[in-house]
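> Kindly generate the corresponding structure for this input.
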Amino acid sequence: MKNQQRGWGLCAALALLLLPATTAWGYFFDDRREMSLSGFAYSRATFATADGVAGQKRTYYAGNLVQHRNFLTLEWRHNLNRVSRAFPTVGEAFRFLNIDAFDYYLNMRTEYDGVFDYGPMKIRRILRGERRHVPYFDDRNTPTPFDGSYFTPGGGPNFPANTLSLSNRRWAREQRGANVRLFEWYFNLTKGPLFIRLGRQNLSWGEADAFRLLDQINPLDNTYGGFLIELDERRIPLNMLRAQWSFGTVGPIGDLTLEGFYSIDNEAPPVFPTSSVNFWASPQTGNTAAMVGRTPCGGNFMATRGIPAYAEDLLFPYKGSGSGPNHGGGCSNRGAFPHSNLSEGRGGGRILGTIHDFTFSIAHYYTYQDVVVARLDLISPTRDHLRWDVGLPTDSQGRSWPQGNPWGPEDPVASRMISSGRNPAGRGGIATVAGGERNAPFSAVFERIQVTGASLSFPVNALTGMFVGSDNPLYYVYTTLRSEVAFFNNVPTNRGFAHADGSTAFDRFLGGSLGVAGGAFRPGGVLAHEAGRRAAHTVKRDYLAWVLGLDHNQWIRFLNPSNTFFISAQQFWLNKNGQDTSRDPSRPPSVLNDRDIFAGRVRSQQRIGGRQDGSTVWRAQGNDWLTTLAINTQYMAGNVRPAFVFFYDWSGPYLIQPRIDWVFWDPFRASIRYNFIEGRGNKSLGIANQKDNVWIQLEYLLY
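So this is what the prediction gives:
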């Protein structure tokens, strides 16, 4: 099987190189050149250079095709300035307004990843549904009827790659086929010093490359390559009103401009379910569902089957739910996503201008954070439903289950492992995928934050020229300095055990029945006031960050006698005020001896093949230093362009990325890139340290 999968990957690579690239074009529809259609397209094949590990073990192997991204965008531009004045009804109004410029823009985008149709066999098999629609079976060795596996059974070791979480089915189905959408649309209007843009659009502020500081207005889509992909392709447009007023020259300040925006939109960065079928997802070892939007009590399956009404738990009487035979009152929990209303909108402004050769900006706005905070929420209808799943001998009133299983007599979670008593975590506890999904999925949390900052850029010789004359070499330093500082207020942050630990969440809801952290949630315990809560609110941190960048052209004639080397270096710094990643080593880790970490259950890291594997605990250290370096030049009249990129996080992880672009038939080009990621698997870049890959891309660039 492994050889067969590698063979398919090789065939796909040869086909990509031999077949002609998808074309793109630019075309004007009229002699006045008021209407135009342009396009851009590429086809990229990504090949893994290491076997899948942890949650992706046996899903793919080194040499497999793990992504075949086909991307097409069409851009329509139409200048309405002349046409609007000739309208039979409102033309007089447009002539009276005498607008300087009036046009609109439409951008259609199509994306399709072919790996789900002809990639590794395991990915194709899972998405085809071969492991999702096998009927539940009866384990005749147990007295429980219809106690088949919650997941469809299969032979071989039960690696997470062999199963697919039920609540991830919708996400998996959406990965198949082309995603065709009207990506951006807006109207532009200019009248004297006023410029207005209204519609679905992207807005980028700041001076940093590759990573964002002030450029936090639009959310990012990291589901197909993350930081390896340019920011311009990852930004998600928002419904937005943007306005600029140009003051011209005011005293020593030239091009003084005031810019503001407001957006009413519920867009947020796409959230990865912890499904093992996507190469770019983290290599986690479990398939606990990531909850996006509302999830009914009991998970997707139980909601459609129906959960019986239950009144034995006096504090949480339940009327029943789902479309099944016991349909009744609703029960759901929602992640903290932005809403499409005025009070939760994004908005702010900045002022920018130039003083001699120095360009500056000062900005303040409201937006939503880039990184998702995952909070473990309890969605069990009552405490008794959870007590049954974790295997407690009595209900919430201390009785020996007077009505039996509160989930109903046809509960599919009473599966072979559970009903035979071989599962030490209880009937459906957090250690079982089934129990985790229907009791405690991770809820995606996005909360509004404030961003305040400034940027400054200038050519270095503008500074040195103030102190030296034209006879000094420093006068001719052709280097641009870019700087940016940003302060982020009230950024949601996870406490590892308070928000992301299943045992803590269960014990909090049950009021201390499990004795977590010495009975912290029992009556009289230090956290007794939290008893009965389904979730704990995230704590808030303030972040301070800056970046300093240098862009320089340098002759290295023995390497390239015809063209200079462009060298761009950046130094990032981030401080998370009050961040705590330490704990008392003399006490066991718990909700009383916590640390700030990204969501995930605490597991020790593994070492696989000599490399440190990713962990479900991602360290959020209080202070980050990141250095980036990019070098490129060109040969053969610009037709061959080698480049080298290096990212280094001072906590250890790093990226090495050599690449070469070849313009073999202008404007078509081929690109080959190797992405080597190494370092600690639970920090910054190292989270993707098992994603080493080579990509081959055919593309069209619109000049």
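
> What ranges does the stretch 1-150 of the chain have for its helices?
2-18, 81-85, 91-97, 115-118, 121-128 (DSSP state H, counting those that start in this stretch).

> next one: phi and psi at the residue nearest in space to the middle of the chain?
The residue lying closest to the centre of the chain (Cα atoms, centre = their mean) is Asn222, at 4.3 Å. Main-chain torsions, Asn222, degrees, to the nearest 10: phi -100, psi 20.

> Contact partners for it?
For Asn222, the residues meeting the contact criterion (Cβ atoms under 8 Å, 6 or more residues apart in numbering) are Ile229, Arg234, Pro269, Pro270, Trp280. Backbone N, C-alpha and C define where each C-beta goes, glycine included.

> residues contacting the third one?
The one in question is Pro269. Pro219, Leu220, Asp221, Asn222, Ile236, Asp370, Val372, Phe446.

> what about the nearest residue to Gln621 once chain neighbours are set aside, is that helix, strand or coil?
Spatial nearest neighbour of Gln621, chain neighbours left out: Thr581 (5.4 Å); criterion: Cβ to Cβ, 6 or more residues apart in numbering. Secondary structure state of Thr581, per DSSP: H, G, I helix; E, B strand; the rest coil, is coil.

> quick one, phi psi at Thr581?
Per-residue torsions, Thr581: phi -110, psi 10 (degrees, to the nearest 10).

> What separation is there between Leu685 and Leu352?
As judged by Cβ to Cβ, to the nearest Å, Leu685 and Leu352 stand 32 Å apart.

> Please apply the same query to Arg95.
Taken as Cβ to Cβ, the span from Arg95 to Leu352 is 33 Å.

> Those two - which one has more neighbours?
A count of neighbours by other Cβ atoms under 10 Å puts Leu352 above the other of Arg95 and Leu352, at 19 against 13.

> Just give the nearest non-adjacent residue to the more buried one, would you?
Ser361 (3.8 Å).

> How about the contacts made by the one you found?
Trp205, Leu214, Arg350, Ile351, Leu352, Ala454, Ser455.

> Show the contacting residues for the fourth one.
Ile351 makes contact with Leu256, Thr257, Leu258, Glu259, Ser361, Ile362, according to Cβ under 8 Å, 6+ apart.

> these two touch, right, Thr354 and Pro252?
No. The criterion here is Cβ atoms under 8 Å, and Thr354 misses it with Pro252 at 9.5 Å.

> Out of those two, name the residue with the larger neighbour count.
Legend: neighbour count by other Cβ under 10 Å for Thr354 and Pro252, higher for Thr354 (17 against 9).

> For that one, which non-adjacent residue is closest in space?
Here the residue nearest Thr354, using Cβ to Cβ, 6+ apart, is Gly254, at 4.7 Å.

> The one you found - that's part of a helix, no?
No. Counting by three-state DSSP, Gly254 is not part of a helix but strand.

> Okay, now the unreliable bits of this protein?
For the chain, the stretches flagged by pLDDT under 70 are 1-26, 54-55, 126-176, 271-277, 282-305, 323-335, 410-437, 598-619, 703.

> quick one: furthest residue from the center of it?
Asp471 (51.9 Å).

> and that one, what element?
Assignment of secondary structure by DSSP states H and E places Asp471 within no helix or strand.

> Strands along the stretch 51-200 of the chain, start to end?
Shown for the stretch 51-200 of the chain, the strands assigned by DSSP state E, counting those that start in this stretch span residues 65-79, 101-113, 179-191, 194-201.

> surely Tyr318 meets Ser380?
No. The criterion here is Cβ under 8 Å, and Tyr318 misses it with Ser380 at 9.5 Å.

> Those two - which one has more neighbours?
Ser380 (29 against 22).

> and the gap between Ser582 and Glu312?
44 Å.

> neighbour-wise, which of those two wins?
Neighbours per residue (other Cβ under 10 Å) separate Ser582 from Glu312, with Glu312 holding more: 18 against 10.

> Doesn't the more buried one belong to a strand?
No. Per three-state DSSP, Glu312 lies outside any strand segment and is coil.

> Was I right to think it contacts Thr394?
No. The pair Glu312 / Thr394 is not scored as a contact, 11.1 Å apart, by Cβ under 8 Å.

> Could you report the neighbour count for the nearest residue to Phe227 once chain neighbours are set aside?
Excluding the flanking residues, the one nearest Phe227 by Cβ to Cβ, 6+ apart is Ala210, at 6.8 Å. By the criterion of other Cβ under 10 Å, Ala210 has 17 neighbours.

> Show the contacting residues for Ala210.
Counted by Cβ under 8 Å, 6+ apart, Ala210 has contacts Phe227, Leu231, Gln570, Thr628, Phe647.

> Kindly reformat the contacts of Ile351 as JSON lines containing secondary structure and distance to Lys576.
Putting the contacts of Ile351 into JSON lines (DSSP: H, G, I helix; E, B strand; the rest coil; distance: Cβ to Cβ, whole Å) gives the following:
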{"residue": "Leu256", "secondary structure": "strand", "distance to Lys576": "34"}
{"residue": "Thr257", "secondary structure": "strand", "distance to Lys576": "33"}
{"residue": "Leu258", "secondary structure": "strand", "distance to Lys576": "32"}
{"residue": "Glu259", "secondary structure": "strand", "distance to Lys576": "29"}
{"residue": "Ser361", "secondary structure": "strand", "distance to Lys576": "24"}
{"residue": "Ile362", "secondary structure": "strand", "distance to Lys576": "23"}
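
> ok, those vs Asn675, which is closest?
Ser361 (32.6 Å; Cβ to Cβ).

> Could you pull out the buried residues of stretch 362-377?
363, 365-370, 372-377 (16 or more other Cβ atoms under 10 Å).

> right, and Ala243 touches Glu259 too?
Yes. Ala243 lies in contact with Glu259 (Cβ under 8 Å); the separation is 7.2 Å.

> So the two - more neighbours on which side?
A direct count of neighbours by other Cβ under 10 Å for Ala243 and Glu259 places Glu259 higher, at 19 against 16.

> Which residue, other than its chain neighbours, is closest to that one?
Gln244 (4.7 Å).

> What's opposite the residue nearest to Asp113 when sequence neighbours are not counted in the beta bridge?
Using Cβ to Cβ, 6+ apart and skipping residues adjacent in sequence, the residue nearest Asp113 is Arg69, 5.5 Å away. Partner residues in beta bridges with Arg69, using DSSP bridges, are Arg44, Asp113.

> Just list the residues touching Arg69, thanks.
Per Cβ under 8 Å, 6+ apart, neighbours of Arg69: Tyr42, Ser43, Arg44, Thr46, Glu111, Tyr112, Asp113, Tyr224, Gly225.

> closest to Asn188 among the residues you listed?
Once Cβ to Cβ is applied, the member of these that ends up nearest Asn188 is Glu111, at 26.1 Å.

> Give me the number of neighbouring residues for Phe442.
26.

> now do His529
9.

> Can you tell me the SS state at it?
On the three-state scheme (three-state DSSP), His529 is labelled helix.

> ok, so what distance separates it from Ser380?
His529 is 21 Å from Ser380, by Cβ to Cβ.

> Please name the residues that touch Pro219.
Arg235, Ile236, Leu238, Glu267, Ala268, Pro269, Tyr368, Asp370.

> Quick check, the fifth one in contact with Tyr368.
Yes. Counting by Cβ under 8 Å, Ala268 touches Tyr368, with 6.1 Å between them.

> so who does Gly469 touch?
Counting by Cβ under 8 Å, 6+ apart, Gly469 has contacts Tyr475.

> oh, and call the first residue 29 from now on, that's how I've got it
OK, 29 is where the count begins now, so the last one is Gly497.

> Export the host helix or strand of Thr387 to CSV, keeping only CA atoms.
Of the helices and strands defined by DSSP H and E, Thr387 is found in strand 386-396. In CSV, the C-alpha atoms belonging to strand 386-396 read as follows (Å, rounded to 0.1, in the frame of the first residue of the first chain):
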residue,chain,number,x,y,z
PHE,A,386,10.0,59.9,6.6
THR,A,387,6.6,58.2,6.2
PHE,A,388,4.6,57.7,9.4
SER,A,389,1.2,56.5,10.6
ILE,A,390,-0.7,56.3,13.9
ALA,A,391,-3.6,53.9,14.2
HIS,A,392,-6.3,52.7,16.7
TYR,A,393,-9.1,50.2,15.9
TYR,A,394,-11.2,47.3,17.2
THR,A,395,-10.9,43.9,15.7
TYR,A,396,-10.9,40.2,16.5
